[in-house]
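> I would like the atomic coordinates for the input below:
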Amino acid sequence: MFRKLLLSLAVLVLGAPALRAAPLFDVMVLIDGSGSVGAPDYETQRTAVQQFLDGFAIGNSANRFGLVQFGNSASLVSGLSGDAAQLSNALSSVVQDLGQTNHAAAFGAAASEFALNGRTGVQQVVVMLTDGNPNVPTPGNPLADAIAAADALKTDGALVYAIGIGNLVSPATLELYASAPSGDYAFSVADFSALGGALADVAGSLNSISDPEVAVPAPASLAIAGFGLAALAFARRRARQQAA
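The predicted structure follows:
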């Protein structure tokens, strides 16, 4: 009898899954504020980004997000934050920059924020939204500068997603920006009305990195062991009483 109890206890303790923490993310979303984005499309982009944020647990001990807007240059709309309300307020109040399309500055702003405020051991992610190819800074090579800035992020371990909107942005450009395999990280959609679907795909991709299984943490295994030992002690006392 005691042997059976010990065997059952061993199965419960050793069979309990180990704790596997799902990865957390620090995510920078790069919003296209260039002049080629019409006012209605800009609002559609804003709404799609808010819906994207709403799909994640946001907190200082959960996922954090930051926002960059780019046009002629790039500006930090919000640094990495675990405050969902603050992010929503920043997104709703940002004014469109207009101007040209500076992808290099946008990637650079994301890299700077990661360097200043990124968390150690947390997966960094960049989501680029754009309706055109880079055409500033000049003189120089805007595309080469942007590719170099995206490559620097990837070299530092960031995942880079690139979403192109409309027919003015080259899919080949998106693939050069995106992490490998580019088919998993580069998306093209026909117009801004389809942006929400593409961002949902990005969210699904990130969620697939997380382990959906609910694991039993080590403290729970110890609790099981405690209950088992108590039951074993009770059984022994009971057997002694019956033998007396």
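> okay, which residue is most central for this structure?
Residue closest to the average C-alpha location in the chain (CA atoms, centre = their mean): residue 25, at 4.3 Å.
> specify the beta-bridge partners of that residue.
Bridge pairing for residue 25 (DSSP bridges) gives the partners residue 123.
> what about it, distance to residue 202?
Using CB to CB, to the nearest Å, residue 25 is found at 11 Å from residue 202. (Glycine included, C-beta is placed from N, CA and C.)
> which stretches in this protein count as strands?
25-32, 64-70, 74-81, 123-130, 159-165, 186-189 (DSSP state E).
> Throw these into JSON lines and include distance to residue 142 and mean pLDDT, thanks.
JSON lines is the format used below for the strands of the chain (distance: least, CB to CB, whole Å; pLDDT from 0 to 100):
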{"stretch": "strand 25-32", "distance to residue 142": "14", "mean pLDDT": "98"}
{"stretch": "strand 64-70", "distance to residue 142": "12", "mean pLDDT": "98"}
{"stretch": "strand 74-81", "distance to residue 142": "13", "mean pLDDT": "98"}
{"stretch": "strand 123-130", "distance to residue 142": "12", "mean pLDDT": "98"}
{"stretch": "strand 159-165", "distance to residue 142": "15", "mean pLDDT": "98"}
{"stretch": "strand 186-189", "distance to residue 142": "19", "mean pLDDT": "98"}
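> between those, which one is closest to residue 54.
Among the strands of the chain, strand 64-70 comes nearest to residue 54, with 10.9 Å by CB to CB.
> angle of that closest one against strand 25-32?
20 degrees (axes from the mean of the first three to the mean of the last three CA atoms, to 10 degrees).
> mind giving me the packing neighbours of strand 64-70?
Secondary-structure packing of strand 64-70 (3 or more CB pairs under 8 Å, 6 or more residues apart in numbering; DSSP states H and E): strand 25-32, strand 74-81, helix 84-93, helix 103-117.
> and the longest one, which residues are buried?
Residues of helix 103-117 classed as buried under the neighbour-count rule (16 or more other CB atoms under 10 Å) are 103, 104, 105, 106, 107, 108, 109, 110, 111, 113, 114.
> repeat for the second one
In terms of neighbour count (16+ other CB under 10 Å), strand 74-81 has its buried residues at 74, 76, 77, 78, 79, 80, 81.
> OK, contacts around the fourth one?
Shown here is residue 78, whose contacts under the criterion CB atoms under 8 Å, 6 or more residues apart in numbering are 65, 66, 67, 86, 87, 90, 91.
> surely the second one touches residue 79?
Spelled out, that is residue 66. Yes: using CB atoms under 8 Å, residue 66 makes contact with residue 79 at a distance of 5.3 Å.
> who touches both of the two?
113, 117.
> hmm, back to that, let me have the buried residues of helix 103-117 in TSV, extended by distance to residue 190 and pLDDT.
Below are the buried residues of helix 103-117 laid out as TSV (distance: CB to CB, whole Å; pLDDT from 0 to 100):
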residue	distance to residue 190	pLDDT
103	21	98
104	26	98
105	27	98
106	22	98
107	25	98
108	29	98
109	28	98
110	26	99
111	30	98
113	31	98
114	32	98
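> out of those, the closest to residue 39 would be?
residue 106 (20.4 Å).
> run a quick neighbour tally on the closest residue to that closest one other than its chain neighbours.
In space, and not counting its chain neighbours, residue 106 is closest to residue 70: 3.8 Å by CB to CB, 6 or more residues apart in numbering. Using other CB atoms under 10 Å, residue 70 has 29 neighbouring residues.
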